[in-house]
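1. can you look at this prediction? I've put the sequence above it.
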Amino acid sequence: MTDAAQSIANNLTAFAPGQNSTIGSQQFRNLSLSAHNIVPSLVSAAGTNLATATVLTAHSNIVTVCASGAGVVARSDFSVVYNRASNAVLVYPYASGAQFESYGNGNPVSIPVGGKAEIYMTSPTQGYVG
């Protein structure tokens, strides 16, 4: 990102009904990237830990195959995961030094059958699940 774009991103203010909110450069980057990768990928979850789970390459993902205890690894910016498999899907942070919410470094979140999770990394070590 150029210095000018970074400056704009750092100072960009979005207006929602009844409130003002400022988004930072990481959120601006995530928003920009989402416009370029909107077609979901069909994914088979594999592996039972961060080192062996299927690595997600798209921002939007539909898991159609998942053995019990299997999982996927989220991207370093944001990932949307739809679970259409017959088992819960474990979603791991992209690196062992990263965590979702306060679950601890490298620990997964579980998406139930038929569920969806939006995962946003707000820094290299911290992400949130919505």
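-> That came in fine, so what should we check first?

2. contacting residues around Val72?
-> Residues in contact with Val72, defined by CB atoms under 8 Å, 6 or more residues apart in numbering, are 43, 45, 53-56, 61, 63, 81, 89-92. All C-beta spots, glycine's among them, are computed from the backbone N, C-alpha and C.

3. just the buried ones among the residues you listed, please.
-> When the contacts of Val72 are checked for burial by 16 or more other CB atoms under 10 Å, the buried set is 43, 45, 53-54, 56, 61, 63, 81, 89-92.

4. skipping adjacent residues, who's closest to Gly47 in space?
-> Once its chain neighbours are removed from consideration, Gly47 has its nearest residue in Ala53; the separation is 4.0 Å (CB to CB, 6 or more residues apart in numbering).

5. before we move on, the earlier item: okay if I get the buried ones among the contacts of Val72 as JSON lines plus secondary structure?
-> What follows is the buried ones among the contacts of Val72, written out as JSON lines (DSSP: H, G, I helix; E, B strand; the rest coil):
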{"residue": "Val43", "secondary structure": "strand"}
{"residue": "Ala45", "secondary structure": "strand"}
{"residue": "Ala53", "secondary structure": "coil"}
{"residue": "Thr54", "secondary structure": "strand"}
{"residue": "Leu56", "secondary structure": "coil"}
{"residue": "Asn61", "secondary structure": "strand"}
{"residue": "Val63", "secondary structure": "strand"}
{"residue": "Val81", "secondary structure": "strand"}
{"residue": "Val89", "secondary structure": "strand"}
{"residue": "Leu90", "secondary structure": "strand"}
{"residue": "Val91", "secondary structure": "strand"}
{"residue": "Tyr92", "secondary structure": "strand"}
